[in-house]
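K.L.:
Sequence and predicted model, in that order:
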Amino acid sequence: MVIPQGEVQSLQRYPVKSMQGECLENVQVSTYGLLGDRGYAVQDMETGHIVNAKHPEKWRTMLDSRAHYDCEPSADNPFPPIIITLPDGVEIRSDDPEVDRRLSDSFGRSVRLVRTGAVPEPTREADRADVNAAEPDIRIEPMGRAAPEGGFFDYAPLHIVSTATLTYLSKLYPRGVFDLRRFRANVVVDLATEPGPLP
């Protein structure tokens, strides 16, 4: 007899790295993660680095933007056109010839929208300063250390978080804000067990 340990609470896919994504009812999963997840990214043309949420002071507009696919990705078409909604509500399509200019205008920097595989050995800027530090500690890091090459994952192609983990973190640090959106998980699992020490 199988005893359920929990259930999937939500499935999220992020068509553009570091933008808000889309909630799904079902999705295809492979060694590359959720089909279409982080299939696109924004590249800073001045530095060549991939824009990411690890440098929020520089890329606030990115974090407040949202993306969704115009049609469902498939094995034959893993990265169909996307629609990006900027913080002011303006929508931009990835197949619009003016997409790079419009994103650059919105972000206040020269950027371009790129698809998975378009940037060999992508890198990112990450602020690794302590939370209370007066100055940022910006480091250049490779992307996707445990993911297939050419993608825009920070580490691995699939990110799973449990509600028990969030509850446990809140108990450890009651003043902290452990908003699920911050973790940008693909799969949120509601565990049937009480939270305990983290491994």
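P.N.:
Noted; the coordinates are in hand.

K.L.:
what bits of this structure have low per-residue confidence?
P.N.:
120-121, 123-129, 131-133, 136, 139-148, 150, 193-199 (pLDDT under 70).

K.L.:
most residues in a single strand of it, which one?
P.N.:
In the chain, with assignment by DSSP state E, the single longest strand is strand 6-13.

K.L.:
residues of that one that come out buried?
P.N.:
Across strand 6-13, burial judged by 16 or more other CB atoms under 10 Å covers 11-13. Every residue, glycine included, has its C-beta placed from N, CA and C.

K.L.:
so how far is Val99 from Glu91?
P.N.:
11 Å (CB to CB, to the nearest Å).

K.L.:
And these two? Which one has more around it.
P.N.:
Per other CB atoms under 10 Å, whichever of Glu91 and Val99 has more neighbours is Val99, with 18 against 11.

K.L.:
wait, doesn't that one sit right on Leu113?
P.N.:
Yes: assessed by CB atoms under 8 Å, Val99 is found in contact with Leu113 at 5.4 Å.

K.L.:
Strands of the chain, start to end?
P.N.:
6-13, 22-24, 29-30, 33-34, 40-44, 66-69, 82-85, 91-93, 111-115, 123-127, 138-142, 160-162, 187-191.

K.L.:
Just give me the closest of the buried residues of strand 6-13 to Val29.
P.N.:
Leu11 (9.6 Å; CB to CB).

K.L.:
In contact with that closest one, which residues?
P.N.:
By CB atoms under 8 Å, 6 or more residues apart in numbering, Leu11 lies in contact with 23-27, 34, 186-187.

K.L.:
what's across from it in the sheet?
P.N.:
Applying DSSP bridges to Leu11 yields these beta-bridge partners: Leu24, Val187.

K.L.:
re earlier: the longest strand of the chain: how far from the chain's middle?
P.N.:
16 Å (CA atoms, centre = their mean, to the nearest Å).

K.L.:
Please work out how many residues are found near Lys58.
P.N.:
That count, for Lys58 with other CB under 10 Å as the rule, works out to 18.

K.L.:
Would you mind measuring from it to Tyr173?
P.N.:
Taking CB to CB, one finds Lys58 at 26 Å from Tyr173.

K.L.:
Tell me which stretches of the protein form helices.
P.N.:
Ranges of helices within the chain are 60-63, 99-107, 163-172, 180-183, based on DSSP state H.

K.L.:
same for the longest one, what does it pack against?
P.N.:
Using 3 or more CB pairs under 8 Å, 6 or more residues apart in numbering; DSSP states H and E as the contact criterion, the neighbours of helix 163-172 among helices and strands are strand 187-191.
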